[in-house]
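Visitor: output the structure for:
(2 chains)
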Amino acid sequence: GAVVSQHPSWVICKSGTSVKIECRSLDFQATTMFWYRQFPKQSLMLMATSNEGSKATYEQGVEKDKFLINHASLTLSTLTVTSAHPEDSSFYICSAGSGNGREQYFGPGTRLTVT
Amino acid sequence: TQLLEQSPQFLSIQEGENLTVYCNSSSVFSSLQWYRQEPGEGPVLLVTVVTGGEVKKLKRLTFQFGDARKDSSLHITAAQPGDTGLYLCAGVAGGFKTIFGAGTRLFVKA
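Guide: Numbering: from 1, shown residues only, chains lettered A, B, ... in the order given. Below you'll find the predicted structure:
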């Protein structure tokens, strides 16, 4: 149980284009999902908290107009990187919160490369 | 600002050695998780500790939550090359507000 998938697992796009990343909880409903960014050999940096049916809460320094988050259902959240630039290249990981409010179950991550 | 200091940040040891990773904070957490992450993959939950002083064992891994619920440790006995990876501690302050440590990158040499 507690399986979270992400799609795509990797993507290469040109500068200026937009990329959408999907995060799905496969065997449970997640009212809360999280989006993280991870640079090489570093820990996770929380970008935003996504709540089903409401606007996402962004961490300080994260541009909400650049990183669009939609949590349309209890099993799906999407992150769209708009007008991507090479500095947006990173490993993006989503997680879904467990029902008890403690654990997060992580997706396998999406490696984004912007050329 | 809540911080969770994790140490050491990097550890390279020989197969069969023991090691301990520490996470310390001045804040109290309602629970604390340990995750393991391999390159190119998402973190995988190893354990959750909730009660102060709690000790949990997972095969050769022993996890302890401090009495005051401000710190935790992960001890690995007789490390194996398969234990290689990034170990992350994460403290939950409440309502999913999670603070991640910087991570400990472990390399076990055969």
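Visitor: low pLDDT regions in the chain?
Guide: Answering for chain A, as no chain was given. Low-confidence segments of chain A, defined by pLDDT under 70: A:1.
Visitor: my bad, chain B
Guide: Residue ranges of chain B with pLDDT under 70: B:1-2, B:95.
Visitor: residues in it within reach of chain A, list them.
Guide: Neighbours of chain A within chain B, by CB under 8 Å from any CB of the partner chain: B:30-31, B:33, B:35, B:40-45, B:48, B:50, B:88, B:90, B:92, B:94-96, B:98, B:100-103, B:105. (C-beta placed from N, C-alpha, C; glycine too.)
Visitor: buried only: go through those residues for me.
Guide: B:31, B:33, B:35, B:41-43, B:45, B:48, B:88, B:90, B:92, B:96, B:98, B:100-103, B:105 (16 or more other CB atoms under 10 Å in any protein chain shown).
Visitor: which of the residues of chain B next to chain A fall within strands?
Guide: Among these, DSSP state E puts B:31, B:33, B:35, B:44-45, B:48, B:88, B:90, B:92, B:94, B:98, B:100, B:105 in strands.
Visitor: contact partners for the residue nearest to B:Val55 when sequence neighbours are not counted?
Guide: Nearest non-adjacent residue to B:Val55, counting by CB to CB, 6 or more residues apart in numbering or on different chains: B:Gln64, 5.0 Å away. Counting by CB atoms under 8 Å, 6 or more residues apart in numbering or on different chains, B:Gln64 makes contact with B:Val49, B:Gly53, B:Glu54, B:Val55, B:Lys56, B:Ser72, B:Ser73, B:His75.
Visitor: how would you label the residue of chain A positioned farthest from its centre: helix, strand or coil?
Guide: The C-alpha centroid of chain A is most remote from A:Asn100, which lies 21.1 Å away (CA atoms, centre = their mean). The three-state label given to A:Asn100 by DSSP: H, G, I helix; E, B strand; the rest coil is coil.
Visitor: for it, give its distance to chain B.
Guide: According to CB to the nearest CB, to the nearest Å, A:Asn100 and chain B sit 9 Å apart.
Visitor: in chain A, which residue sits closest to chain B?
Guide: Closest residue of chain A to chain B, CB to the nearest CB: A:Phe106 (3.6 Å).
Visitor: what backbone torsions are found at the nearest residue to that residue once chain neighbours are set aside?
Guide: Nearest residue to A:Phe106, sequence neighbours excluded (CB to CB, 6+ apart): B:Gly42, at 3.6 Å. B:Gly42 adopts backbone torsions of phi -80, psi 160, taken as degrees, to the nearest 10.
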